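J.: Model the structure of this input:
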Amino acid sequence: MDPQAILFAVFSAGTLVPAWRVITARNPVHAVLYLVLSFFSAACLWMLLQAEFLAIALVLVYVGAVMVLFLFVVMMLDIHIDRSRAGFWQHLPLASVVAVAIALQLWLVLSNGHWQFLTPPAADPSRAGNTKALGVLTFTEYILPLQLAGTILLVAIIAAIALTLRRRSDALHQNPGEQVRIRRQDRVSLVKMAASPRPVSRPAAAAGAAAAGAAPAAPPPATAPAAAPKA
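T.: Numbers count the residues shown, from 1 in each chain. Now for the predicted structure:
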């Protein structure tokens with residue numbers, strides 16, 4: 001076997017095994033990391049097929065942006081996939097049959113009738129790189145669709161920002177500029193107040209005396225009624 005076939009076998013295994021672990025891993029964070037490894041191996045396969053632009057785009061867009069976003073979302077939401085994994089082994093036979101059918105179709109399309117091996121196109125030394133060819137086509141023949149797509153994306157971005165920043169009466173918002181310019185004198189103010197005496201009620205005084213251990217004052221003695229004069 002030549003080195004290219006060995007590398008193809010290694011990177012194919014590095015794509016299929018992590019892809020299998022993506023759907024069988026119990027931890028969602030581990031599943032995302034396995035998917036990152038599968039994308040890296042797929043990018044290496046694109047490099048073997050002399051598609052450098054697709055390989056770099058796969059690494060930058062999917063691994064560098066989409067997968068990082070997935071990883072942060074999974075870590076922040078703390079997703080438990082035990083409930084979604086229910087019935088996995090029950091549907092595995094049918095899913096395996098569908099996967100084998102898709103793989104055979106891809107093999108038939110890519111082999112061009114050669115069932116034994118794939119026949120990648122022979123490298124042409126006089127041909128420029130894949131990235132240069134795509135760049136020339138993009139900025140010559142497809143410059144108008146590129147500008148139109150960029151305009152549509154720009155309008156969509158501006159519309160999304162405008163919808164997000166619109167003023168609503170029932171929405172709470174903060175002003176970072178005012179929070180940065182805040183001073184200590186504006187947040188805390190000390191007010192001097194004169195102490196005003198207030199009268200103490202009799203029940204309150206009695207309760208205070210009882211708490212202090214003093215005996216309450218005895219009521220005044222009752223006086224006997226005066227005797228009536230004798231006749």
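J.: Tell me the secondary structure of residue 141, please.
T.: Assigned with DSSP: H, G, I helix; E, B strand; the rest coil, residue 141 falls in the coil class.
J.: quick one: it and residue 89, what's the gap?
T.: 51 Å (Cβ to Cβ, to the nearest Å). For every residue, glycine as well, the C-beta is placed using N, CA and C.
J.: Next, give phi and psi for residue 139.
T.: Taking degrees, to the nearest 10, you get phi -100, psi 10 for the backbone angles of residue 139.
J.: Can you show me the helices along the protein?
T.: Using DSSP state H, the helices of the chain run over 3-24, 28-48, 52-57, 67-77, 88-111, 130-138, 143-164, 176-180, 184-187, 202-212.
J.: How is the chain partitioned into domains?
T.: As assigned by automatic domain parsing, the chain contains the domains 1-82, 91-123, 124-162.
J.: most tightly surrounded among those?
T.: domain 1-82 (a mean of 15; mean count of other Cβ atoms under 10 Å).
J.: Pull the distance from that domain to the chain's centre.
T.: 19 Å (Cα atoms, centre = their mean, to the nearest Å).
J.: Quick one: mean pLDDT over that domain.
T.: If you average the pLDDT over domain 1-82, you get 84.
J.: From residue 157, how far off is the residue nearest the centre of the chain?
T.: For the chain, residue 73 is the residue whose C-alpha lies nearest the centre (Cα atoms, centre = their mean; 2.5 Å). Going from residue 73 to residue 157 by Cβ to Cβ gives 21 Å.
J.: try residue 179
T.: In terms of Cβ to Cβ, residue 179 sits 27 Å off from residue 157.
J.: Now render the domains of the chain as TSV, adding distance to residue 186.
T.: TSV is the format used below for the domains of the chain (distance: least, Cβ to Cβ, whole Å):
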stretch	distance to residue 186
domain 1-82	35
domain 91-123	63
domain 124-162	31
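J.: which one of those domains lies closest to residue 175?
T.: domain 124-162 (17.5 Å; Cβ to Cβ).
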